[in-house]
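J.: Sequence plus the predicted model coming up.
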Amino acid sequence: QVQLVESGGGLVQAGGSLRLSCAASGRTFSDYAVGWFRQVPGKEREFVAAIRWSGRHSYYADSVKDRFTISRDNAENTVYLQMNGLKLEDTAVYYCAAGPYWGIVAGRGDYWGQGTQVTVSS
């Protein structure tokens with residue numbers, strides 16, 4: 001079992017930045033790829049970014065490419081999502097998930113956090 005806890009969400013003006021953290025405990029975190037997802041009420045959950053266990057390969061949704069950066073520190077059992085140039089449409093609850101890499105990219109995580117709210121205002 002892996003337990004995931006997200007933090008770092010909040011209210012930010014458009015154009016601003018936030019850094020989300022996903023802290024893991026339990027089984028060896030470095031065995032898993034980790035992804036970030038987001039969901040707006042009434043809409044399907046959307047893939048945002050993923051990073052392999054090694055941290056050397058990452059993948060982004062087109063909507064966030066060049067604005068968001070995913071990284072991980074396996075020694076600290078933490079994955080980060082640096083979000084720059086935030087837009088109104090980035091408002092959502094952000095979740096992290098851990099699992100096999102291609103499952104994460106396809107939206108299937110074995111373990112999920114409880115989510116953190118990101119609200120971008122004009």
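T.: Cool, the structure landed.
J.: Can you show me the strands along the protein?
T.: Listed in chain order, the strands of the chain (DSSP state E) span 2-7, 10-13, 18-26, 33-39, 46-51, 58-60, 68-73, 78-83, 92-99, 111-112, 116-121.
J.: what helices or strands is the shortest one leaning on?
T.: In this structure, strand 111-112 makes packing contacts with strand 2-7, strand 92-99, judged by 3 or more C-beta pairs under 8 Å, 6 or more residues apart in numbering; DSSP states H and E. Where you see a C-beta, it was placed from the backbone N, CA and C, and this is true even at glycine.
J.: Could you single out the most deeply buried of those strands?
T.: strand 92-99 (a mean of 24; mean count of other C-beta atoms under 10 Å).
J.: Parallel or antiparallel, list what pairs with it.
T.: strand 33-39 (antiparallel), strand 111-112 (antiparallel), strand 116-121 (antiparallel) (DSSP bridges).
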